[in-house]
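Student: I'd like to go over a predicted model; first the sequence, then the structure.
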Amino acid sequence: MPSLTDNAIRQAKRKEKPYLLSDGDGLYLEIHPNGRKYWRVRVWISGKEKKRSLGVYPKVTLRDARRKNEEIRNVLREGKNPFNIGRPDTFAAVAEEWMNTRMKGVRSERHVQTVESRLRRFLLQHIGELSVTNLKPTDILPILRRIEAKGAYETAHRTLQICGQVCRFAIASGRAETDPTYALRGALVPVKSRHYPTITDPGRIRSLGTSIRKYTGTLIVRCALEFAMLTAARSGELCAAQWGEIDPEKKLWVIPASRMKMRRIHTVPLSRQALEVLDTLRPVSGDGEYLFPSLRQGRHVSRNSLTCALRILGYEPKELVVHGFRAMFSTLANEHGWPPDVIERQLAHVEQNAVRAAYNHAEHLETRLEMMQWWADFCFPPDAG
């Protein structure tokens, strides 16, 4: 007998971890830590458990969910798989659905573009028209071997990961039984862990700060390098920084979730030196959208421009890259005894607890402001001019 009521559903509160409210006959409501409520149905097909989403409450009402569940049960009684009816099962079709539901609007635009490019260049032209139900490791491995033959070992691993995610999405949506990429684990040439070149010697860090302030290229690039060093922000997020994100009164740079790598708002406290960089920029770019505009109208400065500036300053690619500013900050901050949680928060590293992550974008803000002022004074001593 059905057990849920609309009143019970409305009153169901979110918890730290997802939990279920059963309505019986395989139908249940899954309540997530963010408060969202999803209808799911559970059935058994050929001795294996299958699950499928029926939509989000209250857009899909209790009555709607029960009706959909009954339709699924009727198909099962006919000896058919209700999850396959009317749903295309080619790798290309499943990949498109996966992109639309799991990637776009969830991950950063840059990451989505990279994944789409790898799908198009490496996977779709070879296995796009194959059914995910019958996809085999031998269909995938030749694709990866061709990528490896060009020396792009990391790209081969990334492509395998993407293929695996699509296959697992196919399993979750009832269109496949197994993930063929699992059998390919260990089949590719190993990739060494990637560490961005950086500088950790205190004297050389101060020398870097001095060199940046003496940079004779464009003012925009010089200020961008200095701001990158002072905030330890990711280079992509820094280059696209906007004036509307700056709160000079509160000494904060608030980066919206839409621009963050993991799609979570990030608050960056600004030191005195960082505010001085903004004062320098304001007469030049303050009337526009971006802090660091490009010479090309409507665009912001590129990471390549910052990289070229480092080369002009005499730093070789194996010695220092812009992203290495983050490791530089992290190493010195840890060595000087700043709390690891505070450092990780400044670096916008992902909080594993979903509820905690939703509310802690400004956590440790007072301590982080103190830490970033220490860091600014370390890199650009007040008496250094």
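Tutor: All right, it came through fine.
Student: quickly run through the sheet partners of the strand or helix carrying residue 23, with directions.
Tutor: If you go by DSSP states H and E, residue 23 is part of strand 19-24. Applying DSSP bridges, strand 19-24 is found paired with strand 27-31 (antiparallel).
Student: may I have the strand it pairs with exported as CSV, CA atoms only?
Tutor: Extracted C-alpha coordinates of strand 27-31, given in CSV (Å, rounded to 0.1, in the frame of the first residue of the first chain):
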residue,chain,number,x,y,z
LEU,A,27,8.7,4.1,-5.7
TYR,A,28,10.6,6.4,-3.3
LEU,A,29,11.6,10.0,-2.8
GLU,A,30,15.2,10.8,-2.4
ILE,A,31,15.9,14.0,-0.4
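Student: longest helix anywhere in this structure?
Tutor: Across the chain, the longest stretch assigned as helix under DSSP state H is helix 153-172.
Student: list of residues touching the next helix-or-strand element following it?
Tutor: Sequence order places helix 202-213 as the next helix or strand after helix 153-172, per DSSP H and E. For helix 202-213, the external contacting residues (CB atoms under 8 Å, 6 or more residues apart in numbering) are 199, 222, 225-226, 229, 313-315, 320, 328, 332, 378-381, 384-385. C-beta coordinates here come from the backbone N, C-alpha and C atoms, glycine included.
Student: now a PyMOL select for only the buried ones of the residues you listed.
Tutor: If you want just the buried ones from those in PyMOL, going by 16 or more other CB atoms under 10 Å, the selection is:
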select buried, resi 199+222+225+226+229+313+315+320+328+332+378+379+380
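Student: how does this protein divide up, domain by domain?
Tutor: 6-77, 91-184, 202-384 (automatic domain parsing).
Student: run through the chain and note the low-pLDDT ranges.
Tutor: Across the chain, residues meeting the criterion (pLDDT under 70) sit at 1-2, 83-87, 192-195, 262, 350-363, 383-385.
Student: chain center to the helix or strand that contains residue 63, what's the gap?
Tutor: Using DSSP H and E, residue 63 maps to helix 62-77. With CA atoms, centre = their mean, to the nearest Å as the basis, helix 62-77 stands 36 Å off its chain's centre.
Student: which strands and helices sit next to it?
Tutor: strand 19-24, strand 27-31, strand 37-45, strand 48-57 (3 or more CB pairs under 8 Å, 6 or more residues apart in numbering; DSSP states H and E).
Student: how about the last one: buried residues?
Tutor: For strand 48-57, burial by neighbour count (16+ other CB under 10 Å) applies to 50, 52, 54, 57.
Student: and the shortest one, by the same measure?
Tutor: Of the residues in strand 27-31, those with enough neighbours to count as buried (16+ other CB under 10 Å) are 27, 28, 29, 30, 31.
Student: ok, these vs residue 98, which is closest?
Tutor: residue 30 (19.7 Å; CB to CB).
Student: contacting residues for that closest one?
Tutor: 18, 19, 20, 37, 38, 39, 40.
Student: which of the residues you listed are buried, as a ChimeraX select command?
Tutor: If you want just the buried ones from those in ChimeraX, going by 16+ other CB under 10 Å, the selection is:
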select :37,38,39,40
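Student: now for the contacts of residue 30: which two are most distant?
Tutor: Checking the contacts of residue 30 with CB to CB, the most distant pair is 19 and 39, at 14.4 Å.
Student: just give me the neighbour total for residue 155.
Tutor: By other CB atoms under 10 Å, 17 other residues sit near residue 155.
Student: excluding chain neighbours, give the residue nearest to it in space.
Tutor: Excluding the flanking residues, the one nearest residue 155 by CB to CB, 6 or more residues apart in numbering is residue 147, at 5.5 Å.
Student: mind listing what's buried in the helix or strand hosting the one you found?
Tutor: If you go by DSSP H and E, residue 147 is part of helix 137-149. Going by neighbour count (16+ other CB under 10 Å), the buried part of helix 137-149 is 140, 141, 143, 144, 147.
Student: so that helix versus helix 153-172, what angle?
Tutor: Calculated by axes from the mean of the first three to the mean of the last three CA atoms, to 10 degrees, helix 137-149 forms an angle of 160 degrees with helix 153-172.
Student: list of residues touching helix 137-149?
Tutor: So helix 137-149 is contacted by 122-123, 126-127, 130, 155-156, 159-160, 163, 180-181, 183-184, 187-189 (CB under 8 Å, 6+ apart).
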